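Asks: Model the following, please.
(one chain, ligands or ions: 1)
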Amino acid sequence: MKVTPFILALIIFFQLQSQEKQTNIIFMIGDGTGLSQITAGMYANGNKTNLEQFSVIGLIKTHSSDNLVTDSAASGTSMASGVKTKNGVIGFDLNGTEVSSILEDCEKMGYNSGLIATSSIVHATPASFYANVSSRRLYEEIALQFVESEIDYFIGGGREHFNKRTDNRNLITENNSFKFVDNLSEFESSQNERVGYFTSDLEPKSILEGREPKLANGIQSMLAKLDTKEKSFFLMVEGAQIDWGGHANIENYLLSEFKDFDEAIGIAIQYTKANPNTLLIVTADHETGGTALNSGDIKTFTPQLNFTTKNHTASMVPIFAMGKGAENFAGIYDNTLIYNKLKSILAQ
Ligand SMILES: [Zn+2]
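Replies: Prediction:
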């Protein structure tokens, strides 16, 4: 066949079409991170936070189906799957029907997926993206559902939920699709299709205790991995211990974890700006600690935090969006609508 300029143009057109990837999604969740946490974290960091780089901002209603004050399981399920459920429940709606998460929807569309958490990988927030369990405490069942999921990469704690189990199974040695590695450089260099890095046996240490890797380094390695693929990707990143600092009512704990999360946001922003086919959203599942800033030192920008509870509160939490489809995330709305908005962006 003679290749005319017309046929050549057609070939180039179809090649470009096939190369056009769908929207990458980076979904970052600061557990327990309300406005007071952000404000205090900003002042403590010399009056700056990477969140100032966002121009699309909204507020999220966080209540669960049975309580104005949600837990991370119910709110994680709402954000990940677009349904309200009871506190403690992961991946089921109120009729007891299993719901699909945005990560699973993306996988069905041929995406690659990744999870990073500064908690164990079976903790409520990451679990909301792949598990369906009646109780968030069913860690061994969640681990089982994790290895049966389509997730391609993870960085997080909780190794012993996989290899020191009451059913005596060892999900790590049983599993031959995941390559499990012990540090970030092995994570980066592994050529395996699916790679997991357990950062701890149970829950990872806090930043104050010297946790490694930093979330910023984790997200950098993860993005390098996801970016090398031809496929689009979905990545969930959780700063889990901002919440734990709030529960403990310990200011330094909270602020150091927020800083770790904020630095990771900086890496995600760089990636999103360099890759316009990417949507970055940063939000929280709820506020923790009923945290208030009643005083502080203006000369040094040192905030003085006060706590009104050791639990979560019902305060709305902010959401920040940047990149492709970001404009959809302005306004005040229910946490379930985050899922709906993501779905409509994927359908475009
Ligand atoms: Zn909590």
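Asks: any chance you could map the helices in the stretch 201-348 of the chain?
Replies: In the stretch 201-348 of the chain, the helices defined using DSSP state H, counting those that start in this stretch lie at 215-227, 241-248, 251-274, 336-346.
Asks: tilt between the second one and helix 251-274?
Replies: So that's helix 241-248. Counting by axes from the mean of the first three to the mean of the last three Cα atoms, to 10 degrees, helix 241-248 points 160 degrees away from the direction of helix 251-274.
Asks: List the contacts of the closest residue to Gly91 other than its chain neighbours.
Replies: Leaving out its chain neighbours, the residue that sits closest to Gly91 by Cβ to Cβ, 6 or more residues apart in numbering is Asn132, at 3.5 Å. From N, CA and C alone the C-beta is placed, and that goes for glycine too. By Cβ atoms under 8 Å, 6 or more residues apart in numbering, the contact list for Asn132 reads 90-92, 98-99, 145.
Asks: Kindly recompute the last result at 6 Å.
Replies: 91-92, 98 (Cβ atoms under 6 Å, 6 or more residues apart in numbering).
Asks: ok, so of those residues, who is nearest Ser189?
Replies: Nearest to Ser189 among the contacts of Asn132: Gly91, at 33.4 Å, using Cβ to Cβ.
Asks: Could you verify my assumption that that closest one touches Ala131?
Replies: Yes - contact status for Gly91 versus Ala131: in contact at 5.4 Å, counting by Cβ atoms under 6 Å.
Asks: Select the longest strand from this protein.
Replies: Secondary structure of the chain per DSSP state E: the longest strand is strand 112-120.
Asks: Does anything pack onto that strand? Which helices or strands?
Replies: strand 153-157, helix 215-227, strand 233-239 (3 or more Cβ pairs under 6 Å, 6 or more residues apart in numbering; DSSP states H and E).
Asks: which of the ones you listed sits most buried?
Replies: Of the helices and strands packed on strand 112-120, the one with the most neighbours on average (mean count of other Cβ atoms under 10 Å) is strand 233-239, at a mean of 28.
Asks: partners of it in the sheet?
Replies: Paired neighbours of strand 233-239 in the sheet (DSSP bridges): strand 24-30 (parallel), strand 112-120 (parallel).
Asks: what about it, distance to the chain center?
Replies: Taking the mean of its C-alpha atoms, strand 233-239 sits 4 Å from the chain's own mean (Cα atoms, centre = their mean, to the nearest Å).
Asks: same check, this time on stretch 83-96
Replies: What separates the centre of stretch 83-96 from the centre of its chain is 19 Å, taken as Cα atoms, centre = their mean.
Asks: Just give the nearest non-adjacent residue to Ile281, would you?
Replies: Excluding the flanking residues, the one nearest Ile281 by Cβ to Cβ, 6+ apart is Ala321, at 4.8 Å.
Asks: Leu342 versus that neighbour, what's the distance?
Replies: 11 Å (Cβ to Cβ, to the nearest Å).
Asks: which element follows the longest strand of the chain toward the C-terminus?
Replies: Using DSSP states H and E, the next helix or strand after strand 112-120 towards the C-terminus is helix 124-127.
Asks: Just the helices from the stretch 1-150 of the chain, written as ranges.
Replies: Remark: helices assigned in the stretch 1-150 of the chain by DSSP H, counting those that start in this stretch are 5-19, 35-44, 72-81, 102-108, 124-127, 139-147.
Asks: can you redo these as TSV with mean pLDDT and distance to Gly114?
Replies: Output for these, formatted as TSV (pLDDT from 0 to 100; distance: least, Cβ to Cβ, whole Å):
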stretch	mean pLDDT	distance to Gly114
helix 5-19	56	22
helix 35-44	98	25
helix 72-81	98	14
helix 102-108	98	9
helix 124-127	98	11
helix 139-147	97	13
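Asks: quick one, what contacts the closest residue in space to Phe261 that isn't next to it in sequence?
Replies: Counting by Cβ to Cβ, 6+ apart, Phe261 lies nearest to Gly239, which is 3.2 Å off, once chain neighbours are set aside. For Gly239, the contacting residues are 30, 118, 261, by Cβ under 6 Å, 6+ apart.
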